[in-house]
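J.: sequence and predicted structure below; questions after.
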Amino acid sequence: MSAGKQAIDPVRLGLIWRRLDGIADQVAETFVRAAFSVVVRDNYDMAFSLFDGQGRQLTQSKRSIPSFMGTLPHTLAEVLAKFPAEKLAPGDVIITNDPWIGTGHLNDISMVRPLFRGDRLIAFAASTAHTVDIGGAPSPSAKDRFEEGLTIPICKIVDGGVESPVVLDFLEENLRQPSETLGDIRAQFAAYRDCDAMLNRLLDEEKLEDLDAIADEIIARSEASMRAAITALPDGVYRDGFTVDGVDKPLRIECAVTIAGETLAVDFAGTSDQVPWPINCVLNYTQAYARYAIKCLLDPHAPNNAGTLRPITITAPQGCLLNAAVPAPVWGRHLSGHYVPPAIFGALAAIMPDKVTAESGSPLWNVYFAGQKPDGDGNFVKMFFMNGGHGARPHGDGPGCLSFPSNVSNQPIEAFEHQVPLITTEKAFIPDSGGAGKYRGGNAQRIGFRSVSDQPITMTIRHERVSYPPRGLLGGGNGSAGIDLVNGEVIPAKSRSELQPGDVVTFHTAGGGGLFPAEERETDLIKADLEAGLVTAAATRETGR
Amino acid sequence: MSDWRIGVDIGGTFTDIVLWDSGGGQLIIDKVLTTPDDPSRAVLAGIRQVLGTADIQARDLGAVIHGTTLVANALIERKGVKTALITTEGFRDVLEIGREWRYDLFDLDIAMPTPLVPRPLRQEARERVGPDGSVVTPLDIEALRPVIAGLKDAGVEALAVCLLHSYVNPAHEQAIAGLLAEEWPEVALSLSSSVSPELGEYERSSTTAANAYIHPVFRGYVDRLVAALEELGFTRELLLVLSDGRCVRAGVATRYPIRLVQSGPAAGAEAARLFGELAGVDDVLCFDMGGTTAKACLIPDGQPERTVHFEVARETRFAEGSGLPLQIPAIDMIEIGAGGGSIARVDQRGLLQVGPDSAGASPGPVCYGAGNQQPTVTDCDLVLGYLGADSFLGGRMRLDKQAAENAIAEHLAKPLGISVAEAAWGVHETVTANMAQAATIHAIERALDVTRFVMLPIGGAGPVHACGMAAKMNIDTLICPTGAGVASAVGMLSSAISFEVARAAPMAAKSLDFERLGAMITEMDAEASDLVTSAGVAAETVTRRLSAMMRYVGQGYEIEAVLAPEVIHTGDKAALLEAFNEAYRRRYGRNEDMPVEILTWRLAVEGPRSGLGQSLLARASGTGASPKPIGHRSAWFGDGFVETPIHRRADLPSGATIAGPAIIEEVESTTIVPPDFDLSVDRALNLVLTRASPTGKGK
């Protein structure tokens, strides 16, 4: 008996829905545990998502990076444009890292595995994972995407269950750490295998032939939930605009949010044109973060799927910083893309003062260290993430050093030091780095590394918020700006340099902005901050409280 | 010859005491009301009571074994002492910064865990050890004297010391301990290199700080208990159950109180292991459902699954990442927010949602009449006829069925446009499915096929939901043991005196130094063996379990490979690699052509298990007669109310058989036998439930 065409009762729908969520989480965990790279297993710079047979997103794993779960639907659509259903077979895996198809830079590899029930295509498992090295010579001065490494066009890396030696050889020959990247790719193969088995078991047990009826319900209910949330807001056009660091000159981000009945549109007209530096953002990444910001503000507790996105339109003029055209350099696309959520929060702050957060100490900071392993055991290329302070929240202070809008963990210092010839000199909150306010911004961190190598280490950084710190909102003060130092001397925030043996590099990330005027802050909270040393007496006097 | 032992478990409502003569086989079970202000009072009262029943003296006791939720509660309720931390210079904020990720993707307002040590009490030592254990900066011990004086003045009672890379080289931590012995001997000191010698500065600091934080509280409690037992005339050392179900002397437990964070539930898992053994089944899924949460534990081949990662005191109910991480050996359990008190509602999608928030025991479900208006799982079970309004807790508590029906009608049935019974059934099904799913995921993550397991429900609400849950998991057999109501106390009596030590020693498999390993494992063995034999276990009766946490070079998660100790002594690298390959294949379905490394070695030294099972068996007697029901009530099984016979569990002799549907009542719980299940009573008086028409699975 097939129940596929019958109406699904709400109790049963709820059960199946939860199981689909559960499958995504389990499968992601398989991937992370078998992964070979620190960025996946410690930083969780990855996403795993489940789509129905028509390519509609159904769910994603809980620890997915917001941008990746938002870029995967477009990636799948492009994959299906090249390999329509009739060209897909059980056991296929399709791969690509094209920035305009995927997440906006070459370092994220996306893969799609069609899932079959018998010989019928019923779903897609899709995942994206960051790879630290993708060959080429990505640098803060790259002038086009071709300098930035290897592009993998949409192709089958596994064809009918057989791994393609051509694709694997290309990767092997072009990457500096092929075992890490290929290890991660194979860990995803293990995850897809689990996903296939679990999904088919779910359908067996529920006596369903496909996910269609379930997907229709899931998507319709999520769409209705988002439409209701939008309808509750007053119609109008709400704007925000601000200046950001840029590379050789400051740039503008402009944002207009239009609420009309049950639909919401975001447009970034007025944003600076794309630049000949690798900070340009592709539209798919812009859209992913815009939708994410809206979801957080309007409907955070409902599930996230294709239905959530339907009432929302995101546009940006072709050729602008947030919709860069081929072949712009895009390696550091998050340096523009991470400004999308604060722009939307800023625009909606006036009508949603009890929901928005002040700006966080992002775009996300990281650093690349590359060099020779001390035992002559080849090269290393390692990346270290460091988050700034979270913006103040409508009901409390911003937490110190918390990832937003991305959701990238740090990695243990003790693990990091086993991989690179560096000694971490400190990792500490920076006093007075959180913006003042009724609710204060989260503190930033200061973290330092001393080279204990006997050879130079190449260090690459691309940091924002050095000239323009995170803004406070609704009367709150700004967070502190970031700064990068080598042996106490300031270095450019977007640069590649050599760390000589004994050199110490120190990074100060940016502090979160404050929310509401500082005069409204409760005395007990001020006392507690002073006692903890998160705020100094001098700073308290300066802000009036 | 008589050899009396006592197992004591403190629960929220009752303190359970089981007295057992391991020589003669006699078993006495009793319960007294828990005394929350000072739990040791109920323990003493209960012990006196069973001693009186058996007509023996405390000096006749060979062992008192105890488990407690004190540690977990002290952490959840933040009732530890003022605790300070000394860490490497530059790193005092590691304990607060944590891992920098948001555990809820969309909620901008999540609460992050507050560290147990506030910032002013986090102090730094000038020192640094590198990843290879070499000293980068020597320890400036003199600079610590004023720091220590300051902490003393601040009224600190406990101190955690966690220095970077101390899991490789603990010398600096030990030097600080030396200084404290001089300057501040009375402080409760915890060194990370001894509490949790594993890589990962945040998790190790968190574990060490938690150990320090609860140390004085726990020691005070144990001291009081020990003194009272001595006064009673008990002459041996008290034994305590750890989170991994192992049992140690009180003197050892008070050094590592954090290892007792899951003491009670671990003993429950030990009991399930024993019940499974008695029933002759190898693979047991222990399922414990109480008022607020449900826990499931897998026991394949009679060995509970173990873990070394634990999280306690979660800020947002059950959200992974919202609590304090602990690196301790523990029995691996999954806990979900599904209990009798779990609240049911219709969410904004128009779907039924059950939990994770709970009305708990107070005010409890609507039918308790204590003020809660939100319908709970227990209210639905009452409306469905599974629970008797007059027979709950042996009739000691009357339930208000009408109030339950009203709440379900208003909050669930009306918004969903269905009948009250259908809504109640929906809640029952949803919570049951949530648990089934969580337990299934738990099994899949451990590469275990859950359908080959036998389910063993314990806890008050477990047997009400067990059959439904088993059916959803494709499990065909359940065993409801006699003594399930005091399972943790029984588990304490059956647990072995045992201790596990772990040592981090990162090494590539290609360049294993077997000589160094041999020396290290000999050292670990000496440490663990001493702890076990000093508790009275004869050295020749101990067994050992050696394992290596291994992975491919570059990976971050290890797989545990269990090894024969000879592998080290003979330097058999091939056997070592094969053990890894096999374990890896079981989990991931493939092996990679890549180099392998070993991170941590674990060695458990274990005394023999007690013969409690035989005593439990000997209690059984029976006629095989067909039992008569004591009454009927109508119960809902999916598509209508059915007049269902009610039996008293105490009336069921071994050999008895009953076809579902049926309701089996006992004081602590009710077992629901749905229409597609049959029940028989085995020789140990266990209720054995079998699915009459398993779906989709050959039998």
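T.: Good, I have the coordinates.

J.: quick check: A:G241 vs A:G482, distance?
T.: Between A:G241 and A:G482 the distance is 22 Å, computed by C-beta to C-beta, to the nearest Å. Using the backbone N, CA and C atoms, a C-beta is placed for each residue, glycine as well.

J.: where does the stretch 201-350 of chain B dip in pLDDT?
T.: For the stretch 201-350 of chain B, applying pLDDT under 70 flags the ranges B:316-318.

J.: break chain A down into its domains, please.
T.: A:10-210, A:229-354, A:357-545 (automatic domain parsing).

J.: does chain B sit close to the last one?
T.: Yes: applying C-beta under 8 Å from any C-beta of the partner chain, one finds domain A:357-545 touching chain B at A:357, A:385, A:387, A:393-396, A:399-404, A:407-410, A:412-415, A:417-418, A:423-429, A:445, A:448, A:452, A:531-534.

J.: give me the subset of those that lies in strands.
T.: Residues of the residues of domain A:357-545 next to chain B located in strands (DSSP state E): A:385, A:423-429, A:445, A:448.

J.: which one of these is nearest chain B?
T.: A:E426 (2.9 Å; C-beta to the nearest C-beta).

J.: got a list of what the closest one touches?
T.: Applying C-beta atoms under 8 Å, 6 or more residues apart in numbering or on different chains to A:E426 gives the contacts A:446-448, B:89-91.

J.: switch the cut-off to 10 Å
T.: With contacts defined as C-beta atoms under 10 Å, 6 or more residues apart in numbering or on different chains, A:E426 is in contact with A:413, A:445-449, A:506, B:88-93, B:124.

J.: which pLDDT value does the model give the nearest residue to B:C162 once chain neighbours are set aside?
T.: In space, and not counting its chain neighbours, B:C162 is closest to B:S192: 3.8 Å by C-beta to C-beta, 6 or more residues apart in numbering or on different chains. Here the pLDDT value assigned to B:S192 is 97.

J.: could you give the number of residues near B:S192?
T.: Using other C-beta atoms under 10 Å in any protein chain shown, B:S192 has 28 neighbouring residues.

J.: my read is that it contacts B:T87, right?
T.: Yes: under the criterion of C-beta atoms under 10 Å, B:S192 makes contact with B:T87 at 9.0 Å.

J.: tell me, what's touching the two both at once?
T.: Common neighbours of B:S192 and B:T87 (C-beta under 10 Å, 6+ apart) are B:160-164, B:166, B:201, B:205, B:208-209.

J.: distance of A:I526 relative to A:V535?
T.: A:I526 is 7 Å from A:V535, by C-beta to C-beta.

J.: brain fart, B:A461
T.: For B:A461 relative to A:V535 (C-beta to C-beta), the value is 48 Å.

J.: these two: which has the busier surroundings?
T.: Comparing B:A461 with A:V535 by neighbour count (other C-beta under 10 Å), the higher total belongs to B:A461, at 26 against 23.

J.: so what's the residue count around the residue nearest to B:V252 when sequence neighbours are not counted?
T.: In space, and not counting its chain neighbours, B:V252 is closest to B:L531: 5.4 Å by C-beta to C-beta, 6+ apart. Close neighbours of B:L531, defined as other C-beta under 10 Å, add up to 21.

J.: residues contacting B:L531?
T.: Here B:L531 is in contact with B:248-249, B:251-252, B:255, B:497-501, B:537, B:605 (criterion: C-beta under 10 Å, 6+ apart).

J.: ChimeraX command for the buried members of those residues?
T.: In ChimeraX, a selection of the buried entries from the contacts of B:L531 looks like this (16 or more other C-beta atoms under 10 Å in any protein chain shown):
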select /B:248,249,252,255,497,498,499,500,501,537,605
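
J.: which strand or helix spans the residue in the stretch 51-200 of chain A that chain B sits nearest to?
T.: Closest residue of the stretch 51-200 of chain A to chain B, C-beta to the nearest C-beta: A:A190 (4.6 Å). Assigned by DSSP states H and E, A:A190 belongs to helix A:178-206.

J.: gap between that helix and the chain center?
T.: 22 Å (C-alpha atoms, centre = their mean, to the nearest Å).

J.: sec struct for residue 73, please.
T.: I'll assume chain A. helix (DSSP: H, G, I helix; E, B strand; the rest coil).

J.: that was the other one, I meant chain B.
T.: Per three-state DSSP, B:N73 ends up helix.

J.: what about it, neighbour count?
T.: There are 18 residues near B:N73, going by other C-beta under 10 Å.

J.: isn't it up against B:K79?
T.: Yes: assessed by C-beta under 10 Å, B:N73 is found in contact with B:K79 at 7.3 Å.

J.: which residues are common contacts for those two?
T.: In contact with both B:N73 and B:K79: B:214, B:217, using C-beta under 10 Å, 6+ apart.

J.: only the buried residues of the helix holding A:A190, if you could.
T.: In helix A:178-206, counting by 16+ other C-beta under 10 Å, buried: A:178-196, A:198-200, A:202-203, A:206.

J.: right, I'll leave it there.
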